[in-house]
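S.K.: next input, structure requested:
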Amino acid sequence: MPFLLRAAVVGGAAYHVGKKRQQGRDAEADQNQQIADLQAQQDQQQYEQQAAPAPAAPDNSEDGMAKLTQLKSLLDQGVLTQAEFDMQKQKILMSM
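M.R.: As a prediction, the model looks like this:
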């Protein structure tokens, strides 16, 4: 009888270890699938971003020229100092 009991304990322990290993493999497979799904989503998003045409930049040159003309007029009228004019001109040119 002790032999049979020992075999049952060993067999039960082996079954438990095997079951835990399989659960670990299943969990790893689930993680791998989740990672693959996320990578596929990222790839799809990158593809969509690359495929989308870039929005056209607004033409600020005409608007900027009008602002510069107005700014020069204020300088000529004495409303602005040369330093104020230079500072505002630089801002306008940087936005163009």
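S.K.: domains of the chain?
M.R.: Domain segmentation of the chain under automatic domain parsing yields 1-55, 56-96.
S.K.: point out the most buried one among the ones you listed.
M.R.: Counting by mean count of other Cβ atoms under 10 Å, domain 56-96 has the highest mean neighbour count of these, with a mean of 12. The C-beta positions use only the backbone N, C-alpha and C, and glycine is treated the same way.
S.K.: can you pull out the strands in this protein?
M.R.: Under the criterion DSSP state E, the chain carries no strands.
S.K.: any low-confidence regions in it?
M.R.: Residue ranges of the chain with pLDDT under 70: 1, 52-60.
S.K.: for it, which helix is longest?
M.R.: Criterion DSSP state H: the longest helix present in the chain is helix 2-51.
S.K.: how close does residue 80 get to residue 69?
M.R.: 13 Å (Cβ to Cβ, to the nearest Å).
S.K.: could you do residue 43 as well?
M.R.: 50 Å.
S.K.: and if you look at residue 34?
M.R.: 60 Å.
S.K.: same check on residue 29?
M.R.: Relative to residue 69, and taking Cβ to Cβ, residue 29 is found at 69 Å.
S.K.: do the same with residue 62
M.R.: 11 Å.
S.K.: equivalent analysis for residue 87, please.
M.R.: 17 Å.
S.K.: one more: residue 16?
M.R.: Taking Cβ to Cβ, one finds residue 16 at 86 Å from residue 69.
S.K.: cool, residue 28 as well?
M.R.: 69 Å.
S.K.: residues contacting the residue nearest to residue 67 when sequence neighbours are not counted?
M.R.: Nearest non-adjacent residue to residue 67, counting by Cβ to Cβ, 6 or more residues apart in numbering: residue 92, 5.1 Å away. By Cβ atoms under 8 Å, 6 or more residues apart in numbering, residue 92 lies in contact with 64, 67-68, 71.
S.K.: again, only this time at 7 Å
M.R.: 64, 67-68 (Cβ atoms under 7 Å, 6 or more residues apart in numbering).
S.K.: taking the residues you listed one by one, which sit in helices?
M.R.: 64, 67-68.
S.K.: make CSV from those and add distance to residue 3 to it.
M.R.: Formatted as CSV, the entries for these read as follows, by distance: Cβ to Cβ, whole Å:
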residue, distance to residue 3
64, 96
67, 99
68, 101
